[in-house]
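[1] curious how this folds, go ahead:
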Amino acid sequence: MKNHPFVILLLSFTTFFHSPFTTRAMTPFPTGLCYTGAFLGWGEYEDNVTLRGLREFETLSGRRAALVPFSVFFGRGGENFSSNLKVIEEYGAVPIVRLMPWGPPYWVPGYESEYDLRLIVQGEFDDFISGIAKEIRAFPWGVIVTFGPEMNGDWFPWSGVYQGGGKRDGFGDPDAYDGPELFRAAYRHVVDLFRQEGCKNVYWLFQVNYDSVPEVQWNSPLLYYPGDSYVDILGLSIYGEQYQDEPWVSFDVIAQEALEGVKVLLDKKPLILPEWGVGEWPPHDKAKWYREALERLSDPGGPFRAAVIYSDAWENDDGTISDLRIDSSKEALEAYRSGIEAPYFNDLACPLMKGALYPRTFGDNVTDGTLRLAQGEGVELALSLDITQEMKGANLADWWVFARTPFGTYSLTLTPALMWHEGLEVTYQGPLIPIEKVAFQTISGLPMGIYDVYFAVDLNANGILDGPLFCSSVRLVVE
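    Here you go, the predicted model:
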């Protein structure tokens, strides 16, 4: 029997260093996992996040939301921004902050002179953007931020369609198309402002729509790409039929087209779905659409590292209802719940937390936090915890060591002896103290399957796994 010693996690209450000249060496989305998320609409302005809504969705879907998006409309001046961050912190998820440079009337396609991207490049919104950066800087773990999502569509004023399109004589390089070039410049300006504010806990998301509207050469997603040093994560919005007059197309067909548009970037950056969903339009089969989508998303060999379901409904001008809620029908809900149970999906955002340093190497056969074992091989579990001097002994906390296995969830408890028990139980409850890479158990002879082992600390000493939450994990694949 061969043992593989490794440290399953290193939990630190310090920030990542993010150089403005290089990309982050550590991916926020390790291979072998697909994080779950929920975008619940959050009202007309997409900025009214509620704890009740998140918990109700968790009960409805059977999964936590590891990622929670909300929008910041420039015209609203950051209203609800602070409260949204507080709600997501209390829930224990990673925020996806959508910076959207537009003003009223919202949801009306067209150019808005007050939010021309030239004004962003020229610094007209620097104070506002820097204020957002300062608040994010104070957030206790990592935050994903995107600027101008779906810029290759024609429904937002920051779209290249309204910012110069395919012209070449209105901005910058005379050999570059004005629309994409101006977007790249605005995106970089925003990122540079965050870096000037010392905001090191941000992962930058470049989010495009699954198809370009209009579908012309100058509107290609790749032309909007601001560069490797300004992007940490690639994002695709993938939607099936949202309106009654749209064609019904399977998720797989849409995904194939979308992946083709960004394939040259897939080896550089992890790929997520910050939005995906479909409406309920009988006689089309939404439940089947969900089943096929989740089967594709749950493939460990696939490219997707996170899937944030869009679950909301709205009334259209013609009186029809676009119902993208996961429970728009009993059949749709059953299909979503059963599909999202696949072991590839992970609903704790452990490696994304600012304080969680995901280990890079555990043994010769380990990549990005996944250890592959043959049956009969053993693995030694070890953990470490690094906290700041100011926090030592200052906070009572719940400490958790638990594993999600093909046979259920098991927790490691200290009393009456070091043993694994079925269910989720606190391993230890007490003050925060540092631990320096202590091995605590060797596990061998696991049946074939996928095992996710977590070490977590939450700062509510109440016996409930809740926030503020700091944790990391490792996946064991027994083959």
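[2] nearest residue to residue 77 in space, please, no chain neighbours.
    Excluding the flanking residues, the one nearest residue 77 by C-beta to C-beta, 6 or more residues apart in numbering is residue 128, at 7.2 Å. Yep, even glycine has a C-beta here, placed from its N, CA and C like the rest.
[3] apologies, that question was intended for residue 210.
    Leaving aside its chain neighbours, residue 210 sits nearest to residue 258 (3.8 Å; criterion: C-beta to C-beta, 6+ apart).
[4] quick check on that neighbour: phi, psi?
    phi -70, psi -40 (degrees, to the nearest 10).
[5] list the contacts of it.
    By C-beta atoms under 8 Å, 6 or more residues apart in numbering, the residues touching residue 258 are 210-211, 236, 238.
[6] give me the pLDDT value at it.
    Residue 258 is assigned a pLDDT of 95 by the prediction.
[7] just residue 183 next, same as before
    Note for residue 183: predicted pLDDT of 98.
[8] need the contact list for it.
    117, 148, 151, 158, 160, 163, 224, 226.
[9] which one of those residues is nearest residue 90?
    Nearest to residue 90 among these, counting by C-beta to C-beta, is residue 148 at 28.6 Å.
[10] on that earlier part again, from the contacts of residue 183, which land in helices?
    The members of the contacts of residue 183 that map onto helices under DSSP state H are 117, 224.
[11] given the strand or helix carrying residue 381, what are its sheet partners and their directions?
    Using DSSP states H and E, residue 381 sits within strand 378-386. Its sheet considered, strand 378-386 pairs with strand 3-5 (parallel), strand 10-12 (parallel), strand 435-444 (antiparallel) by DSSP bridges.
[12] buried residues, whatever helix or strand comes next after it. List them.
    Sequence-wise, the next helix or strand downstream of strand 378-386 (DSSP H and E) is strand 396-405. Using 16 or more other C-beta atoms under 10 Å as the burial criterion, the residues of strand 396-405 that qualify are 397-405.
[13] what of stretch 281-290?
    For stretch 281-290, the neighbour count (16+ other C-beta under 10 Å) marks 281, 285-287, 289-290 as buried.
[14] got the contact list for it?
    With C-beta under 8 Å, 6+ apart, stretch 281-290 has contacts from 240-241, 244, 248, 250-251, 278-280, 326, 328-329, 331-332, 334-336, 339.
[15] distance between the ends of it?
    End-to-end distance of stretch 281-290 (C-alpha to C-alpha, to the nearest Å): 13 Å.
[16] do the same with stretch 42-57
    End-to-end distance (C-alpha to C-alpha), stretch 42-57: 13 Å.
[17] only alpha carbons, please: show stretch 331-342 as PDB.
    C-alpha atoms of stretch 331-342 as PDB (Å, rounded to 0.1, in the frame of the first residue of the first chain):
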ATOM      1  CA  GLU A 331     -41.300  18.700 -13.600                       C
ATOM      2  CA  ALA A 332     -38.700  21.400 -14.000                       C
ATOM      3  CA  LEU A 333     -38.000  21.500 -10.300                       C
ATOM      4  CA  GLU A 334     -37.500  17.800 -10.100                       C
ATOM      5  CA  ALA A 335     -35.200  17.900 -13.100                       C
ATOM      6  CA  TYR A 336     -33.100  20.700 -11.600                       C
ATOM      7  CA  ARG A 337     -32.900  19.100  -8.100                       C
ATOM      8  CA  SER A 338     -31.900  15.700  -9.300                       C
ATOM      9  CA  GLY A 339     -29.400  17.100 -11.800                       C
ATOM     10  CA  ILE A 340     -27.700  19.400  -9.300                       C
ATOM     11  CA  GLU A 341     -27.100  16.500  -6.900                       C
ATOM     12  CA  ALA A 342     -24.300  15.200  -9.100                       C
END
